[in-house]
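In: below are the sequence and a predicted model for it; my questions follow.
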Amino acid sequence: MINSSSPSSPCKIEEELALIQKSGEPGQEASKRRRRKDSSSHVSPDALLAWFQKQLESYDCVAISDMTYSFQSGLALCAVIHRYRPELVDFRALDPSTWAENSQLAFDLLEQELGVPPAMTGRELAASRNPDKLAMISYLSQVYELFRKDIPVSAEAAASLRPALDEEDLLEDSQYRHNHPRASKGAVRRKYYDSAKASIGQLVAGETATR
């Protein structure tokens, strides 16, 4: 039996292959989008609010009741940074009345030292009569993901860390910066913070062993 169908020409085959590849692209892009979505934070707004309230309950000057207005003064964000990275901000030196400056300080630290891009400027947050709730929840979710697996630095360790940075280690600080001219101020402070955090871990391990 003779096959009446003629073989496809090379040009025809190339066209068919191009169509197959083109038809597969939307599915591949959708798969990539799903993977990006799966890697994002899935914390609910209520759980996010509860987490921030828990983290800041020891800061008497900070009260968290929502995800927008409670953060306008900048103190809440600075307090969260101070709780986990006290070497980055002197919380006691903040002026509660300078909302824009406090907010901008927090945004700058989170972006430059911790890699969280800001959702707006400090002035925009402080001056807004109705802060963008979705933008704030998205931003605060990134802060939550940044710190949620970390161990907070105790108040005692945080208090002892600041004088060490300001007084005893100034000479070593200057020597370090001389030998590492491209190091940021935060990088210099992180080396002290890492040693303090290690000491806290040893203390916790020692207490656990004695129980």
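Out: That came in fine, so what should we check first?

In: correct me, but residue 128 touches residue 72?
Out: Yes: Residue 128 is within contact range of residue 72, at 7.3 Å (criterion: CB atoms under 8 Å). (Each C-beta comes from the backbone N, C-alpha and C, glycine too.)

In: buried ones in the host helix or strand of residue 126, by neighbour count?
Out: Using DSSP states H and E, residue 126 sits in helix 122-127. Burial within helix 122-127, assessed by neighbour count using 16 or more other CB atoms under 10 Å, is assigned to 122, 125, 126.

In: pLDDT weak spots in this structure?
Out: 1-41, 154-211 (pLDDT under 70).

In: domain parsing for it?
Out: 45-147, 155-210 (automatic domain parsing).

In: how long is the longest one end to end?
Out: Meaning domain 45-147. 17 Å (CA to CA, to the nearest Å).

In: then the helix holding residue 126 to CSV, C-alphas only?
Out: The C-alpha trace of helix 122-127 is given here as CSV (Å, rounded to 0.1, in the frame of the first residue of the first chain):
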residue,chain,number,x,y,z
GLY,A,122,9.2,58.5,56.0
ARG,A,123,7.6,61.9,55.2
GLU,A,124,4.8,60.2,53.1
LEU,A,125,4.0,57.8,55.9
ALA,A,126,4.1,60.4,58.7
ALA,A,127,2.0,62.9,56.7
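
In: packing partners for it?
Out: helix 99-112 (3 or more CB pairs under 8 Å, 6 or more residues apart in numbering; DSSP states H and E).

In: sorry, back to before: can you name the element that comes right after the helix holding residue 126?
Out: helix 133-147.

In: neighbouring contacts of that following helix?
Out: For helix 133-147, the external contacting residues (CB atoms under 8 Å, 6 or more residues apart in numbering) are 40-41, 43, 45, 48, 51-52, 55, 67-68, 71, 77, 80, 83-84, 110, 114-116, 118-120.

In: over to stretch 51-62?
Out: 43, 64, 75-76, 79-80, 83, 91, 96, 140, 144, 147-148, 152, 155.

In: in helices only, show me the residues you listed.
Out: Judged by DSSP state H, helices contain the following of the contacts of stretch 51-62: 75, 76, 79, 80, 83, 140, 144, 147, 155.

In: count of neighbours near the third one?
Out: Right, residue 79. Residue 79 is flanked by 21 other residues according to other CB atoms under 10 Å.

In: give me every residue that touches it.
Out: By CB under 8 Å, 6+ apart, the neighbours of residue 79 are 55, 56, 59, 62, 91.

In: now the two most distant members of these.
Out: Spanning the widest gap among the contacts of residue 79 are 55 and 91, at 13.0 Å by CB to CB.
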